[in-house]
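>>> Output the structure for:
(one chain, ligands or ions: 2)
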Amino acid sequence: MRLVINGQPQDLDVDPDRTVLDVLRHTLDQTGTKYGCGEGQCGACTVLIDNQPVRSCLVRVGAVAGAAITTIEGLTPADGSLHPLQQAFLDHQALQCGYCTPGMIVAAAGLLAAQPNPTDAQIIAALDRNLCRCGTYPRILAAVRQAAAALAHPGGTP
Ligand code: FES
Ligand code: FES
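Ligands and ions are numbered 1, 2, ... in the order given. Now for the predicted structure:
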C-alpha cells in the first residue's frame, strides 16, 4: 500500500492490521511519535492524517492507504531550523521529560492549521485529551499562544 509520510510517497508491504504507530516506529524508524497507553487515552502517538490530529495507536494502517501522514519529524523544516511550535515549547520550557511533547506539538499544529488565531479555550479544548504527566499545561498553553502569533506574523512584527 502507498502512504505519503511527511511528504514522501512510500510503498509499504506491511500487514494492514498493524497500527499506524507500529509501522511508523518499527518499519519506518520514525520514532518521534511515542507509544504511551496504546489505547487512545494519552495522545502521545498523535499524528496528522490528511491534516487531522489522529491517535495513531488506534488506526490500522490498511484503513488509511493513500493518506498523507505528518509526524513530528515532518513538522521540522528541511533547513534544520525549528517549527514555530518547537521553538515556542523551548522558549517556554513547556516540557520536562518530553514524552508527551511530540503528540502535543502535532495536535497543536493541527489546531493552528484549522484555527490560526485560537482562543485559550480553543487551545485547551484541542489539547484536552493529550496528557502530560509532568503537568506542564500552563507552559504548553503559553507556547501554543506564542507559536500562533509567530505563524501569523513570521517577520516578528505584529
Ligand atoms: S499511545 Fe495512542 S493515545 Fe496513548
Ligand atoms: S513533559 Fe513529561 S509527560 Fe509531558
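
>>> List of residues touching stretch 76-89?
75, 90, 94-95, 101, 104-105, 108-109, 112, 140, 142-144, 146-147, 150-151 (CB atoms under 8 Å, 6 or more residues apart in numbering). In short, each C-beta sits where N, CA and C put it, glycine included.

>>> residues in the protein within reach of ligand 2, list them.
Proximity of the chain to ligand 2, by CB under 6 Å from any ligand atom, involves residues 95-100, 132-134, 136.

>>> Might one say that T31 is in contact with L21?
No - counting by CB atoms under 8 Å, T31 stays clear of L21, with 10.5 Å between them.

>>> In terms of packing, which of these two has more residues around it?
Remark: of T31 and L21, L21 carries more neighbours, 25 against 14, as counted by other CB atoms under 10 Å.

>>> one step back: pull out the buried residues from the contacts of stretch 76-89.
With burial judged by 16 or more other CB atoms under 10 Å, the buried subset of the contacts of stretch 76-89 is 75, 94-95, 101, 104-105, 108-109, 112, 140, 142-144, 146-147, 150-151.
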